[in-house]
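*Asks:* please work out how this folds:
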Amino acid sequence: MTDPNNAGGGGSLVLSFLKETLNFMFPECCCICGKLADADGRFAGYGKFCEDLTGKPSGLHICGKCLSSFAPYEPSRRWLLCLSNPYDDDPVPNLTLYMPMAYDGPVKSAIPAVKFGKKKELAGFLGCLLGSFMESDSVGADLIVPVPLSEARLKERGFNQAAELAKPAAAILKIPYAENVLLRTKNTNRQTELKGNLERIANVSGAFEASEDWDLKGLTVIVVDDVATTGFTLHEAAMALYDAGASKVLCVAFAGNRQVKNAEAF
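*Replies:* Next up is the predicted model:
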């Protein structure tokens, strides 16, 4: 009996036919809205990038409607103050937040799908978008680091969504990426579950420190998270980097719903 895998061109045709038949019978669904994923053909370049970066295909399936909805803010609206409610005696009162997308539409479905649906492949795609936006705005630095999860949250989720965003962004920007620079020193509640600013400040106060294994003196560092609401989490992460000697820190979030612009870009 002939093995179709070793039957030259004929075997390849058989396998291709079987694959097309299965795709017809069991079409892939969009990982954001659940409808038919009719935009897979547009991901050839992304798939190649993903394979080069991770050594395996992206596994991403998305529909054209969701794909076309990932429209970023205008460049002038992407630069904001990190804290939505600045406070007196802030050691870094002009800390900058770069945030290219509104937390709305498909993005509002995509982020929870990553975090709670454990769709890691979608996080990689969002990271590529983030890196492309940052590249178009000429964002540069010496190092990119993600906001770390607690050990309990990391075990529950299986991956850090901020890290999955930061890695492809760093690759696109050609900036070194490091996952063990920031350490989380205490477990925190989800910021979205807390009502007032005082509760949110207390929740993340002192939650991070920089690893002693890294010399950050004089470096410009980008710290990445998925969503910015009040900005307290990114602010505390930046404070830990400054305390370790970083000369400049840019906070980056993929999305949020801020309106107040920073006076000047990073």
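*Asks:* now for residue 123: which residues touch it?
*Replies:* Neighbouring residues of residue 123 by Cβ atoms under 8 Å, 6 or more residues apart in numbering: 114, 159, 161, 164, 165, 226. In short, each C-beta sits where N, CA and C put it, glycine included.
*Asks:* make a ChimeraX selection of the buried ones in these.
*Replies:* Entered in ChimeraX, the line below selects the buried ones among the contacts of residue 123, by 16 or more other Cβ atoms under 10 Å:
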select :114,161,164,165,226
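*Asks:* restricted to helices, list the contacts of residue 123.
*Replies:* Residues of the contacts of residue 123 located in helices (DSSP state H): 114, 161, 164, 165.
*Asks:* out of those residues, which is nearest to residue 92?
*Replies:* For the ones in helices among the contacts of residue 123, the closest approach to residue 92 (Cβ to Cβ) belongs to residue 165, at 22.7 Å.
*Asks:* returning to that earlier point: how about the contacts of residue 123, which pair is most distant?
*Replies:* The two members of the contacts of residue 123 with the most space between them (Cβ to Cβ) are 159 and 226, at 11.9 Å.
*Asks:* straight-line length of stretch 108-123, end to end?
*Replies:* With Cα to Cα, to the nearest Å as the measure, stretch 108-123 spans 13 Å from end to end.
*Asks:* show the average pLDDT along it.
*Replies:* In this model, stretch 108-123 has an average pLDDT of 90.
*Asks:* which stretches of the stretch 1-150 of the chain aren't confidently modelled?
*Replies:* 1-27, 43-47, 49-51, 54-57 (pLDDT under 70).
*Asks:* strands of that one, residue ranges please.
*Replies:* Assigned by DSSP state E, counting those that start in this stretch, the stretch 1-150 of the chain shows strands spanning 79-81, 96-98, 101-102, 143-146.
*Asks:* just these: most buried one?
*Replies:* The highest mean neighbour count among those, using mean count of other Cβ atoms under 10 Å, belongs to strand 143-146: a mean of 26.
*Asks:* mind giving me the domain ranges of this protein?
*Replies:* 8-67, 73-256 (automatic domain parsing).
*Asks:* looking at those, which one is packed in the most?
*Replies:* Ranked by mean neighbour count, those are led by domain 73-256 with a mean of 19 (mean count of other Cβ under 10 Å).
*Asks:* end to end on it, go ahead and measure it.
*Replies:* Terminal-residue distance, domain 73-256 (Cα to Cα): 11 Å.
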